[in-house]
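*Asks:* return a 3D structure for these sequence lines:
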Amino acid sequence: MVKRSEIENEDISLDGNFLCDGKGGTVPYDRNNSSLHLKRDQWSSKLDFILACVGCAVGLGNIWRFPYLCYKNGGGAFLIPYIICLVTCGLPLFMMELALGQYMNIGSVETWARLIPAFKGVGIASFVVTFQMNIYYIIILAWAAYFLVMSFTSTLPWSHCNNEWNTERCFPQLNVTPNINASAVMVNVSTSDKNVDAVTEFWERKVLHISKGIDEPGSIVWELAISLLVVWILVYFCVCRGVRVSGKIVYFTALFPYLVLTILLIRGVTLDGASDGIYFYLKPDFSRLTDPQVWVDGGTQIFFSYVLATGIVTTLGSYNKYNNNFYRDSFIISAINSCTSFYGGFAVFSVLGFMAKEQNVTVGEVVKSGPGLVFIAYPKAITEMPLSPLWAIVFFFMILLVGFDSQFVDVEAFLAPIIDAFPQYLYRKRNRMILTAVYCLLSYLIGLTMLTEGGMYVFQIFDYYSASGLVLLWICFFEAIVVSWVFGEERFQEAAELMIGRRFPCWFFICWKYIIPVITSAIFIFSVVSFTPLTYEKTYIYPRWAQAIGFCMALVSMFCVPLVFIYTLVSTKGTLRKRWQVMFTPLLQTHQISVKQ
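*Replies:* Numbers count the residues shown, from 1 in each chain. Okay, the predicted model is just below:
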């Protein structure tokens, strides 16, 4: 075997129609293909890569999902299944995807095609998931941008009931005295079972213009359409010139949210009732550990938070230098990601504890997850604070930044396989910019379906089905099986030694070979058995045709793995034995050695 030190400075040499791979083997070479002479983008520095990974992994799920799951599943006791799933699944899978991307030096689809041709469908499945995620995730940023603009006022519009969108059922926040509609309050007293607070009415009637169901799409909410357009334009300018530019932008988008989160935390813990919220957040209830759902939530949170099975980690790793120490980076990024989730919970629950005390209710009555936390619960708490417009601006600016770097890294992960498929054209900056513009425009037009009066129902279908836990578990299962059993332990160990001069500890192969397949299968089966159809606010039940569309969105990506396997088997020439051999033979690629451009 060739040692890493022997190949670091070795030139690629031409031998007839083949390219010497530096290990005594050759790869086919087309002299008419000018793509060999076009340099693929790389991170300009190590910190660019680290911050891009942190910005992508640390997203809205750290702020609106982890704290809620921690509270719901036994407080501090939830950290036990979370850390176990992190050590056995999250970190090993993150490291595996990062190593594969760095080893292959190409996008996620071609990475799996070259690793084992029969399982190119794993890469395609990730590609489809990323496409679906990019369409709906950015809708949250459009909502946040709209809230941010509406926060630039002396009195927050969701703090009172004197707006044109308010109904007679509206009741304002208790400590807001100006411009209160007395008649509306009187109506609320007599019909308290039908009251709607001002924040909810602002969210549903002003922002969403929500209809009665998905079968009533209504018209486009043009304020949100403009907001979405602005966000997509910003994403375009971050992505269009490649990772050398976007790698500099993450210095701000990845780091500044920590400053804002710290400011919100300091403000939160100084509020009356903050300790009650933090107590509810962390109070351990070890009896909850006997509930299988707690362990399922811990596992699925890891898969969501670490953006596994989406091809994003593989793509980010593919822009690394061949000898980058991905092993060390995996530990650094994982530690930052999980600590941010835990840290963000203090900022969230300290404010929720304050709101609960102000309203004289328990913390459990004000806790929400997902959009309900960001656009209802937290804005409601902000109205209770002095200088509430200032805190609203700070909060929604943080939400924008946290989601923004995740979005443009996700877009890069989708574009990379397309660009790598046509390097002779798309490695050139001008053509890349055109492709990026076309993709952003197409995604924007599809996203408009979620900005109609029935758009919230469409958004929930995307969120619930397209990148659901079932889909991610399915892909992660095949990733672990293909790398550890089909590509093989020895081959992967040699790849690691070529890149960083050391082999993987045996623990990681135990995880890839046995633990991850077992855990993903168990959670997958449990999720299927306990599956409940999608509802909105637990009251609106989606029609069957809408549920069917959601299932199809999930199956489109999941079926990529078996369908591509069958297609490869049928399209490969030769006897069945020959086909099988070709399908399961890894393809060499030129970046297994350091190339002098």
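*Asks:* remind me which residues of the chain are low pLDDT?
*Replies:* 1-38, 173-194, 369, 588-597 (pLDDT under 70).
*Asks:* which stretches of it form strands?
*Replies:* 14-15, 18-20, 26-28, 170-171, 196-197, 535-536, 540-541 (DSSP state E).
*Asks:* helices or strands up against the fifth one?
*Replies:* Pointing back at strand 196-197 there. strand 170-171 (3 or more C-beta pairs under 8 Å, 6 or more residues apart in numbering; DSSP states H and E). For glycine as for every other residue, the C-beta is placed from the backbone atoms N, C-alpha and C.
*Asks:* what's stretch 236-244 in contact with?
*Replies:* 41-44, 48, 52, 245-246, 249, 319, 408, 411-412, 415, 429, 432-433, 436-437, 440 (C-beta atoms under 8 Å, 6 or more residues apart in numbering).
*Asks:* filter the residues you listed to the buried ones?
*Replies:* Buried by 16 or more other C-beta atoms under 10 Å: 41-43, 48, 52, 246, 249, 319, 408, 411-412, 415, 432-433, 436, 440, out of the contacts of stretch 236-244.
*Asks:* phi, psi of the residue nearest the centre of the chain?
*Replies:* Taking C-alpha atoms, centre = their mean, the centroid of the chain lies closest to Val307, which sits 4.9 Å from it. Phi and psi for Val307, reported as degrees, to the nearest 10, are phi 40, psi 40.
*Asks:* list the contacts for Gly218?
*Replies:* 209, 211, 452-454.
*Asks:* I'd like the residues you listed as JSON lines, with distance to Phe504 and neighbour count appended.
*Replies:* Listed next are those as JSON lines, based on distance: C-beta to C-beta, whole Å; neighbours: other C-beta atoms under 10 Å:
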{"residue": "His209", "distance to Phe504": "53", "neighbour count": "20"}
{"residue": "Ser211", "distance to Phe504": "53", "neighbour count": "17"}
{"residue": "Thr452", "distance to Phe504": "49", "neighbour count": "23"}
{"residue": "Glu453", "distance to Phe504": "52", "neighbour count": "17"}
{"residue": "Gly454", "distance to Phe504": "49", "neighbour count": "21"}
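*Asks:* turn those into JSON lines, columns for distance to Tyr343.
*Replies:* Shown next, in JSON lines, are the contacts of Gly218 (distance: C-beta to C-beta, whole Å):
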{"residue": "His209", "distance to Tyr343": "36"}
{"residue": "Ser211", "distance to Tyr343": "38"}
{"residue": "Thr452", "distance to Tyr343": "37"}
{"residue": "Glu453", "distance to Tyr343": "38"}
{"residue": "Gly454", "distance to Tyr343": "37"}
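*Asks:* among these, which one sits closest to Ile419?
*Replies:* Comparing the contacts of Gly218 against Ile419 with C-beta to C-beta places Thr452 closest, at 32.6 Å.
*Asks:* identify the bridge partners of that closest one.
*Replies:* Taking DSSP bridges, one finds Ile220 as the beta-bridge partners of Thr452.
*Asks:* so it sits against Asp215, correct?
*Replies:* No - assessed by C-beta atoms under 8 Å, Thr452 is found out of contact with Asp215, at 11.9 Å.
*Asks:* ranges for the helices of the stretch 351-500 of the chain?
*Replies:* 371-372, 378-383, 388-421, 423-426, 429-447, 455-461, 469-481, 489-500 (DSSP state H, counting those that start in this stretch).
*Asks:* send the alpha carbons of the second one over as PDB?
*Replies:* The C-alpha atoms that make up helix 378-383 are tabulated as PDB, following Å, rounded to 0.1, in the frame of the first residue of the first chain:
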ATOM      1  CA  TYR A 378     -41.800  33.900  21.700                       C
ATOM      2  CA  PRO A 379     -43.400  37.000  20.100                       C
ATOM      3  CA  LYS A 380     -46.100  36.800  22.800                       C
ATOM      4  CA  ALA A 381     -43.400  36.800  25.500                       C
ATOM      5  CA  ILE A 382     -41.600  39.700  23.800                       C
ATOM      6  CA  THR A 383     -44.700  41.900  24.100                       C
END
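*Asks:* contact partners of that helix?
*Replies:* The contact list for helix 378-383 (C-beta under 8 Å, 6+ apart) reads 147, 156, 158-159, 173, 175-176, 197, 199, 202, 348, 351-352, 354-355, 366, 388, 391-392, 395.
*Asks:* swap the cut-off to 6 Å and go again
*Replies:* 156, 158-159, 173, 199, 351, 355, 388, 391-392 (C-beta atoms under 6 Å, 6 or more residues apart in numbering).
*Asks:* the contacts of Gly218: which two are farthest apart?
*Replies:* His209 and Gly454 (9.4 Å).
*Asks:* so what's the closest residue to Val374 other than its chain neighbours up against?
*Replies:* Nearest non-adjacent residue to Val374, counting by C-beta to C-beta, 6 or more residues apart in numbering: Trp64, 5.5 Å away. For Trp64, the contact set (C-beta under 6 Å, 6+ apart) comprises 370, 373-374.
*Asks:* swap in 10 Å and give it another go.
*Replies:* 140, 344, 348, 368-375, 377-378, 399, 402 (C-beta atoms under 10 Å, 6 or more residues apart in numbering).
*Asks:* what's the overlap in contacts for His209 and Gly454?
*Replies:* 218-219.
*Asks:* surely Arg267 is in contact with Met385?
*Replies:* Yes - using C-beta atoms under 10 Å, Arg267 is in contact with Met385, at 7.6 Å.
*Asks:* any residues in contact with both of these two?
*Replies:* 351, 354, 391.
*Asks:* re the thing from before, looking at the helices of the stretch 351-500 of the chain, which is closest to Met558?
*Replies:* That would be, of the helices of the stretch 351-500 of the chain and by C-beta to C-beta, helix 469-481, which comes in at 5.0 Å.
*Asks:* from the contact counts, what lies against that closest one?
*Replies:* helix 91-104, helix 108-115, helix 120-150, helix 292-305, helix 516-529, helix 544-558, helix 560-571 (3 or more C-beta pairs under 10 Å, 6 or more residues apart in numbering; DSSP states H and E).
*Asks:* for those helices, which one sits closest to Leu79?
*Replies:* helix 292-305 (8.8 Å).
*Asks:* what residues sit buried inside the closest one?
*Replies:* So helix 292-305, judged by 16+ other C-beta under 10 Å, has buried residues 294-305.
*Asks:* want to throw the residues you listed into JSON lines with distance to Gly74?
*Replies:* Formatted as JSON lines, the buried residues of helix 292-305 follow (distance: C-beta to C-beta, whole Å):
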{"residue": "Val294", "distance to Gly74": "6"}
{"residue": "Trp295", "distance to Gly74": "11"}
{"residue": "Val296", "distance to Gly74": "13"}
{"residue": "Asp297", "distance to Gly74": "10"}
{"residue": "Gly298", "distance to Gly74": "10"}
{"residue": "Gly299", "distance to Gly74": "15"}
{"residue": "Thr300", "distance to Gly74": "16"}
{"residue": "Gln301", "distance to Gly74": "14"}
{"residue": "Ile302", "distance to Gly74": "17"}
{"residue": "Phe303", "distance to Gly74": "20"}
{"residue": "Phe304", "distance to Gly74": "19"}
{"residue": "Ser305", "distance to Gly74": "18"}
